[in-house]
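K.L.:
from the sequence below, what's the structure:
(4 chains)
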There are 2 protein chains.
Amino acid sequence: MSRPPRARETVLDAFEQVVRSDGERGATMDAVARVAGVSKGGLLYHFASKDALENGVIERMEERAVLDVEQIVAASDGPVAAFMRSSIMTDSPLDRSIIAVSRLAQNGHPLATDALRRVRDMWEGAIRPHVRDESALQLVMLVSDGLYFNNALTVGALPGPKFDEPELAALIALVEHSTHA
Amino acid sequence: MSRPPRARETVLDAFEQVVRSDGERGATMDAVARVAGVSKGGLLYHFASKDALENGVIERMEERAVLDVEQIVAASDGPVAAFMRSSIMTDSPLDRSIIAVSRLAQNGHPLATDALRRVRDMWEGAIRPHVRDESALQLVMLVSDGLYFNNALTVGALPGPKFDEPELAALIALVEHSTHA
DNA sequence: GTCTATATACAGATAGAC
DNA sequence: GTCTATCTGTATATAGAC
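P.N.:
Below you'll find the model as predicted:
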């Protein structure tokens, strides 16, 4: 997993950005190339097909998710709180990746769906030891899914965090109280 | 709001079905016409453009959601439980409508996003009097969003209910206990 | 109301110069 | 490694017969 060329990363960033702002339909090779600042031919040198480009975004999302899980299990304020905070969109690299991959999944890309399931399973495994039972686990997972979904829904400009800090803290406290082991 | 022609409804059903099974990208006029059992020309007689077809699905979704809210507030087992049960995919007409409109929203259709927001606001208003505070309200709403998201994610054949009845009942009990007024 | 045939536009991908 | 030019398939929409 050596550091990939910077141009590749730039193209992946551009793809995620266009998918987020214009939807998957707007993420044409032309549009991605333009945002990345290269020609279509230049883009196709790095990713030989649109499918390769999509797979690149999916793979990078999963790599980023692994790092996220590592941070969550090690969080000082507890995995549940850390997980919920990481589910609120802060426009982190992982957030951008998940938005893009979710859009691919909803447009029928099977690898995207598989990758999201794997990531969700990783999170589930990390949270399970810290909640009292399976219902509590599902509650935490579903709230997280809901947080993502609400933000993923909005195509266009960044909506900004829907919850301000006091609201989020109150919600986290409620979830922790309802689910702690 | 008189009863629209049956052919129109058939076409809207076909659009929702194709969007669900193949994603928004697969929902071409050709594919919709084929599933609806008409030619492309026949389809375009009822909906003069793809945009008109999409708007038709969005409008029908909102009409169905209004009926759903009416049923939820009148439910004998309480609005919170009824709302959560209605959030589990049972392949009801409203479910099919919301899946399709969510896909449109995620592909940048602004009217779809607006309609979903309005529907979500209606649900929020119906649930608010039955939970203790805003955090509890958000918990219920986010769990519902999460239930929808998980099902909306899977393109292809119906995944079937992810929760069996005992699991769902336990989750509902937990949410109600955590949020009741 | 429903059909076939066709016009127009645009997407993904290739070829080859630099 | 990056570019321009071009081929090819497919999607929306129109025209007009039945």
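
K.L.:
how about residue A:76, phi and psi?
P.N.:
phi -70, psi -30 (degrees, to the nearest 10).

K.L.:
count the residues that sit near it.
P.N.:
6 (other CB atoms under 10 Å in any protein chain shown). In this view, the C-beta of every residue, glycine as well, is placed from N, C-alpha and C.

K.L.:
from DNA strand D, how far off is it?
P.N.:
The gap separating residue A:76 from DNA strand D is 42 Å, by CB to the nearest atom of the strand, to the nearest Å.

K.L.:
ok, residue A:33 next?
P.N.:
7 Å.

K.L.:
what lies in contact with the helix or strand containing that residue?
P.N.:
If you go by DSSP states H and E, residue A:33 is part of helix A:29-36. By CB atoms under 8 Å, 6 or more residues apart in numbering or on different chains, the residues outside helix A:29-36 that reach it are A:10-11, A:13-15, A:17-18, A:22, A:39-40, A:42-44, A:50, A:53.

K.L.:
PyMOL command for the buried members of those residues?
P.N.:
PyMOL command restricting the contacts of helix A:29-36 to the buried ones, with burial defined by 16 or more other CB atoms under 10 Å in any protein chain shown:
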select buried, chain A and resi 11+13+14+15+17+18+22+43+44+53
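
K.L.:
so which of the contacts of helix A:29-36 are also by DNA strand D?
P.N.:
Among those, the ones lying near DNA strand D by CB under 7 Å from any atom of the strand are A:39-40, A:42-44.

K.L.:
and these, which is closest to residue A:66?
P.N.:
Checking those against residue A:66 with CB to CB, the nearest one is residue A:43 at 27.0 Å.

K.L.:
rebuild the ones next to DNA strand D among the contacts of helix A:29-36 as TSV, extending it with secondary structure and distance to residue B:162.
P.N.:
Compiled in TSV, those are given as follows (DSSP: H, G, I helix; E, B strand; the rest coil; distance: CB to CB, whole Å):
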residue	secondary structure	distance to residue B:162
A:39	coil	45
A:40	helix	41
A:42	helix	43
A:43	helix	38
A:44	helix	40
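
K.L.:
residue B:130: which of those residues is nearest?
P.N.:
Closest approach between those and residue B:130, by CB to CB: residue A:43, at 52.5 Å.

K.L.:
look up how far residue B:177 lies from residue A:177.
P.N.:
To residue B:177, residue A:177 is 11 Å away according to CB to CB, to the nearest Å.

K.L.:
thinking residue A:25 is in contact with residue B:108, fair?
P.N.:
Yes. Using CB atoms under 8 Å, residue A:25 makes contact with residue B:108 at a distance of 6.5 Å.

K.L.:
contact partners of the helix or strand harbouring residue A:15?
P.N.:
Assigned by DSSP H and E, residue A:15 falls within helix A:6-22. If you take CB under 8 Å, 6+ apart as the criterion, helix A:6-22 is touched by A:26-27, A:31-33, A:35-38, A:43, A:46-47, A:53-54, A:56-57, A:60, A:96-97, A:99-100, A:103-104, A:155-157, B:108.

K.L.:
which among those residues are in contact with DNA strand C?
P.N.:
residue A:27.

K.L.:
tell me which of the contacts of helix A:6-22 fall in helices.
P.N.:
A:31-33, A:35-36, A:43, A:46, A:53-54, A:56-57, A:60, A:96-97, A:99-100, A:103-104 (DSSP state H).

K.L.:
just the buried subset of the residues you listed, written out for PyMOL, thanks.
P.N.:
To isolate the buried members of those in PyMOL, using 16+ other CB under 10 Å:
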select buried, chain A and resi 31+32+33+35+36+43+46+53+54+56+57+60+96+97+99+100+103+104
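
K.L.:
now the spatially most central residue of chain A: how far from residue B:107?
P.N.:
For chain A, the residue nearest the mean C-alpha position is residue A:98 (2.2 Å; CA atoms, centre = their mean). Going from residue A:98 to residue B:107 by CB to CB gives 17 Å.

K.L.:
repeat for residue A:37
P.N.:
For residue A:37, the distance to residue B:107 - CB to CB - is 25 Å.

K.L.:
and what of residue A:171?
P.N.:
29 Å.

K.L.:
what is the helix or strand containing residue A:114 packed up against?
P.N.:
Taking DSSP H and E as the criterion, residue A:114 maps to helix A:110-127. If contacts are counted by 3 or more CB pairs under 8 Å, 6 or more residues apart in numbering or on different chains; DSSP states H and E, helix A:110-127 sits against helix A:50-73, helix A:79-87, helix A:93-106, helix A:134-153.

K.L.:
now do the closest residue to residue A:42 other than its chain neighbours, the pLDDT please.
P.N.:
Once flanking residues are discounted, residue A:42 sits nearest to residue A:33: 6.8 Å by CB to CB, 6 or more residues apart in numbering or on different chains. The model reports residue A:33 with a pLDDT of 98.

K.L.:
thanks again, I'm all set now.
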